[in-house]
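Chemist: any chance you can model this:
(chains A, B and C)
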Amino acid sequence: MAEGIILENVVKTYGSGDTAVHALRGVDMAVAKGEVVGLIGPSGSGKSTLLKCLGAVIEPTSGKMTIGDQCIYDNGWKVRDLRALRRDMIGFIFQAPYLIPFLDVTDNVALLPMLAGKANAEARKMARDLLDALDVGHRAAGMPSQLSGGEQQRVAIARALINRPPVILADEPTAPLDGQRALAVVGLLNDMARQFDTAIIIVTHDEKIIPTFKRLYNIRDGRTVEEVQGQAA
Amino acid sequence: MISLAGRDILHGWGKFVLTGMGLGLLIGVTLSMAGVYRGMVDDAQALLDNSRADLWVVQKDTLGPYAEPSSLTEDSERPIQAMRGVAQAAGVTYLTMQIAHGDKDVRVMVVGAEMGEPGLPGQPTHLISGRQIVRGHYEAVADVKTGFAIGDHVRVRRNLYTIVGLTSRMVSSGGDPMLFLSLKDAQTAQFQKDSDAIVRQRARTAANPQLNPPGNPAVAQAVNAVQSGNTNVNAILVTITPDANPDEVAADIRRWQRLTVYTRAEMEEILVQKLIANSARQIAMFLVILSIVSAAIVAFIIYTMTIGKIREIAVLKLIGTRNRTISWMILQQALGLGLIGFIVGKIAASLWAPFFPKYVLLLPSDSILGFVAVMLICTLASFLAIQAAIKVDPAEAIGG
Amino acid sequence: MTLPFTMSRRGWTMLAVLVPLLLLFAWVALRSGPLAPINVTVTQVEERNVSPAMFGIGTVEARYTQKVGPTAAGRVTMVAVDVGDTVVAGQLLAQIDPIDLDQRIDAAAGGTARSAALEQAAIAQIADANARVVLTRSVLARTEHLKRGGWVTDAMVDQRRQELAAAQAGLAAAQANRSAAAMDRGRLGSERAALVEQRANLRLVAPHAGLVVRRTAEPGTTVVAGQAVIEIIDPAQLWINVRFDQTQSAGLATGQAVRIALRSRPDAPLTGTIERVEPMADALTEEVLAKARFAITGNLPSIGELAEVTVALPAQPKTLAIPNAAVHRIDGHVGVWVIRDGDLVFAPVKLGAEDFGGWVQVLGGLSKGERIVLHSAKALSANSRFSIVDALP
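Modeler: Predicted coordinates:
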């Protein structure tokens, strides 16, 4: 199975000398395409820092990161345009949908391919197809504010998927949801991971969904501990 | 690529348009202020245009007749009329006074112009209703801003005058509307004292043994006659023949009539530079402050608008939107706001301009200048917001 | 309709606001301020009667004013009349103190009497001298007779002749005395008559029947020769000294009917006629002077009261006429703005008489029915944009 993302001994230290804070002390992770893994850990464990490093919004201090078959970091960024990297290689799903309120549903999803230079019509077609696949095609012309929370979440997922990134980072995607719906979201993400052949990392501390992961990474004191759960869904 | 700015504006267009209208009213005030300044200058110009003179002959060494009192005898015009290059010469009097109309007072500039033939300098240039003065006495043409109507009787000093015609934009340099009388009536109005003053003057003359020598009562009578009669004018308006050079004609009059003469350019200089300079500077200062305030408000509005979208901007940046795209979006919005503001401001200024007590002149060139300034200010103001947007950390979109 | 982007209802609403705003903006930009067309009203050149008239102002004056005063300096002793009194010719108005005039008349009378007595004495002397001549002539005749008889000597005859000559000389002297006395009497009589005449001059009497309008001296006042003590006017002979502007005075002539409005009664005009157009005009005020007689009805107007005089000139035959508000002067030419083929054209015109309604005759330059600009919101120029409205403003 092709790897979605691989981290080798990623270290992140804020500051230096006596006041240095060692957020990540050497993280190793490997998530294959099509796989959904959980990333858990208590507050202050370095979970957020890891997520930001994964999302290429902060630079690690050292280590190596590979997304798909491209090494993006090896003791220094290997790609010049991090924006394009984020746009094309990483999908983001946030705690709340964070849709752009002034764009309609289609354009919210189509924005990424448009930013990547695709023609508007083509991007919109891709977006509508994806929305259909996520069962929100009927709301394609609506504005985000007119959608229910679940629908918005689906649109957000569609947005993360649209550029077919090798990896999707989901930051507490189920936090505001009750158990039933949280499980539904995770189920959906699992389906999507398989359907679109992408690695999905779900950062969560939601006890309801933790048991659903086959594999989890637990961060403690800046290091990851891989756990395998047999009874995964 | 879609226009993010356009979509944003479209999304919150009510708020956007209302903000633009608010800004527009401010811009309208600024434009009006510029209009007030232009109006002042134009009032001065109108005074010169309306007198239809090429040269102003005034009392020697005075800045008359508008900036300083000037008085010269009416018959000084005759030798001037005979000079080469002079087409017409006509005496004129100016007197600013308060006239009762109904139960309120109207401040007017009483202009005495020679009415004998059409188109003499000093006469009203055009009428908006009624007719020109025909009778030699007791008829008047008023500027419409006096509020007089045709057929009204107005009292100037001792005499009642019938309004026979109305004109417009005939104002003094101070913006007071004009009331045209025949020259003789105006001389009477200007120089005739009230009855009490005349009686007292006679008594003074009678009491003065030099003016009233015993045994020769004719002297006192002569003195009284001299004191009550006046055929002076404030200036002589001169038009020149088409082939004449105003400076040369002016020089001739100065040399041979020993009077002070101003050409149109010199008169403009006197009116604009000397008479209204202070008020104009006052307004210009206010205009500058208003512009600065407007700029600050525009900057503030655009900054607030941007800060209100900070999370969206963070998300946009996280998903890979370029800074350039975001800056362009903010700039477009600022310019759009400026555009609406300018349009509303221009409309507002034009609509309320006629209600100002003094003339407000909105020049198209000022509007264009105003438009450029608004756009420039909006651009500058958006820099602040762009700066803030660029500083937004895409990481903020992620929970941490 | 296909649009480059999909129009939501929101978009349409926005357009519904912005489009009117833009239209308003365009309207405002083009219809107000300096770019706006100038509103004008138009009228047609028409044929009509122009009844020119002249308007002047003047003061009520008495045609004849007599200022009665002494011919020599003196003190006023008595004033017999007061202002407002009506007097008849010869009535005593005032008296000047004669001082010693009566005494001088008496002295002159005494002198005359004395001269008469002297004349009488001279007549008596003539009679006496005559008698003496007769006597000496008869004595001489007798002596000559005696001489022829040789009774007397020649010396005796010569003596008698000399006596006759002496008597004749005495007669001549007496006759001369009488004529001298007569002449002296005449002179003294004339002297007295002069003094009496002078005394009559100190009595100020009315030269003419009239109304006393001024009393300038009271008893006790010393007046100089020629100073008026009493002024009398003839109230039946009032006129108005009226002044017309020279530019309007063409056609003014004696005999024209006038309407006169006195300042005290502007609503009750009087009628009158031009009595005289003064040959001398006022050069300083550029006015023509005339006198207008009027018939007095009711109370006498005050002398010096202001009056407005309107002279109706003979009506002109029907000609083309335009309102004077349409007339302008551009580059030295008097003319009107004519609308020809939708453009403004300045047409120089030749103008004639003007009436008080503001109509002015057109003698040339326009034809009947042409549309001319009557009123305009601003002064026009040949390339002004304009729009025709019914009324301004």
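
Chemist: wait, B:Ser71 touches B:Asn230, no?
Modeler: No. Applying Cβ atoms under 8 Å, one finds B:Ser71 not in contact with B:Asn230, separated by 9.1 Å. Where C-beta positions appear, they are placed from N, C-alpha and C, glycine not excepted.

Chemist: near chain B, which residues of chain A are found?
Modeler: A:48-49, A:51-52, A:55, A:57-58, A:83-88, A:92, A:94-95, A:98, A:100-103, A:107, A:111-112, A:114-116, A:120, A:143, A:159, A:171-172, A:203 (Cβ under 8 Å from any Cβ of the partner chain).

Chemist: just the buried ones from those residues?
Modeler: A:48-49, A:51-52, A:55, A:57-58, A:83, A:85-88, A:92, A:94-95, A:98, A:100-103, A:107, A:111-112, A:114-115, A:143, A:159, A:171-172, A:203 (16 or more other Cβ atoms under 10 Å in any protein chain shown).

Chemist: remind me which residues of the stretch 301-400 of chain B are low pLDDT?
Modeler: Within the stretch 301-400 of chain B, the stretches with pLDDT under 70 are B:399-400.

Chemist: near chain C, which residues of it? Just list them.
Modeler: With Cβ under 8 Å from any Cβ as the criterion, the stretch 301-400 of chain B meets chain C at residues B:340, B:343-344, B:346-347, B:350-351, B:353, B:361-364, B:367.

Chemist: let's go with 10 Å and repeat that
Modeler: Counting by Cβ under 10 Å from any Cβ of the partner chain, the positions of the stretch 301-400 of chain B adjacent to chain C are B:340, B:342-351, B:353-354, B:360-367.

Chemist: return the subset of the residues you listed lying in helices.
Modeler: Taking DSSP state H as the definition of helices, those contribute B:340, B:342-351, B:364-367.

Chemist: report the two of those separated the most.
Modeler: The distance between the two most remote of these (Cβ to Cβ) is 21.8 Å, for B:Ile340 and B:Ser365.

Chemist: the two - which one has more neighbours?
Modeler: B:Ile340 (23 against 9; other Cβ atoms under 10 Å in any protein chain shown).

Chemist: the more buried one contacts B:Val298, correct?
Modeler: No. Using Cβ atoms under 10 Å, B:Ile340 makes no contact with B:Val298, being 11.7 Å away.

Chemist: for the two, list the residues in contact with both.
Modeler: Common contacts of B:Ile340 and B:Val298, defined by Cβ atoms under 10 Å, 6 or more residues apart in numbering or on different chains, comprise B:Leu23, B:Ile27.

Chemist: how about the helices in chain C?
Modeler: Ranges of helices in chain C, per DSSP H, are C:9-31, C:101-148, C:154-201.

Chemist: ok, now chain A?
Modeler: Per DSSP H, chain A carries helices over the ranges A:47-54, A:82-89, A:105-115, A:120-133, A:149-161, A:179-196.

Chemist: any idea how far apart the tips of stretch B:139-158 sit?
Modeler: The straight-line separation of the ends of stretch B:139-158 (Cα to Cα, to the nearest Å) is 14 Å.

Chemist: strand partners (parallel or antiparallel) of the least confident helix or strand in chain A by mean pLDDT?
Modeler: When each helix and strand of chain A is scored by mean pLDDT, DSSP states H and E, strand A:223-228 comes last, with a mean of 83. If you go by DSSP bridges, strand A:223-228 pairs up with strand A:215-220 (antiparallel).

Chemist: tell me the angle the strand it pairs with makes with helix A:47-54.
Modeler: 120 degrees (axes from the mean of the first three to the mean of the last three Cα atoms, to 10 degrees).

Chemist: just the residues contacting strand A:215-220, thanks.
Modeler: Under Cβ under 10 Å, 6+ apart, the answer for strand A:215-220 is A:7, A:23-24, A:27-32, A:35-42, A:44-50, A:201-204, A:210, A:223-229, A:232.

Chemist: how about the helices in the stretch 151-300 of chain B?
Modeler: In the stretch 151-300 of chain B, the helices defined using DSSP state H, counting those that start in this stretch lie at B:183-191, B:195-207, B:217-228, B:246-257, B:264-268, B:277-307.

Chemist: out of those helices, which one sits most buried?
Modeler: Of the helices of the stretch 151-300 of chain B, the one with the most neighbours on average (mean count of other Cβ atoms under 10 Å in any protein chain shown) is helix B:183-191, at a mean of 22.

Chemist: how close does the residue most central in space within chain A sit to chain C?
Modeler: Nearest residue to the geometric centre of chain A (Cα atoms, centre = their mean): A:Leu169, 1.0 Å. Noted for A:Leu169: a distance of 32 Å to chain C, by Cβ to the nearest Cβ, to the nearest Å.

Chemist: so that residue bridges to which residues?
Modeler: In beta-bridge terms (that is, DSSP bridges), A:Leu169 pairs with A:Phe92, A:Ile201.

Chemist: tell me the contacts of the closest residue to chain A within chain B?
Modeler: At 2.6 Å from chain A, B:Gly320 is the closest residue in chain B, using Cβ to the nearest Cβ. B:Gly320 sits next to A:56, A:81-90, A:92, A:111-112, A:115-116, A:163, B:394 when contact means Cβ under 10 Å, 6+ apart.

Chemist: if you set the cut-off to 6 Å instead, what comes out?
Modeler: A:Arg83, A:Arg86, A:Arg87, A:Leu115 (Cβ atoms under 6 Å, 6 or more residues apart in numbering or on different chains).

Chemist: kindly indicate which of these lies nearest chain C.
Modeler: Distances from chain C to the contacts of B:Gly320, taken by Cβ to the nearest Cβ, are shortest for A:Leu115, at 17.7 Å.

Chemist: for the closest one, give me the pLDDT.
Modeler: pLDDT for A:Leu115: 85.

Chemist: equivalent analysis for B:Gly229, please.
Modeler: Listed pLDDT for B:Gly229 reads 68.
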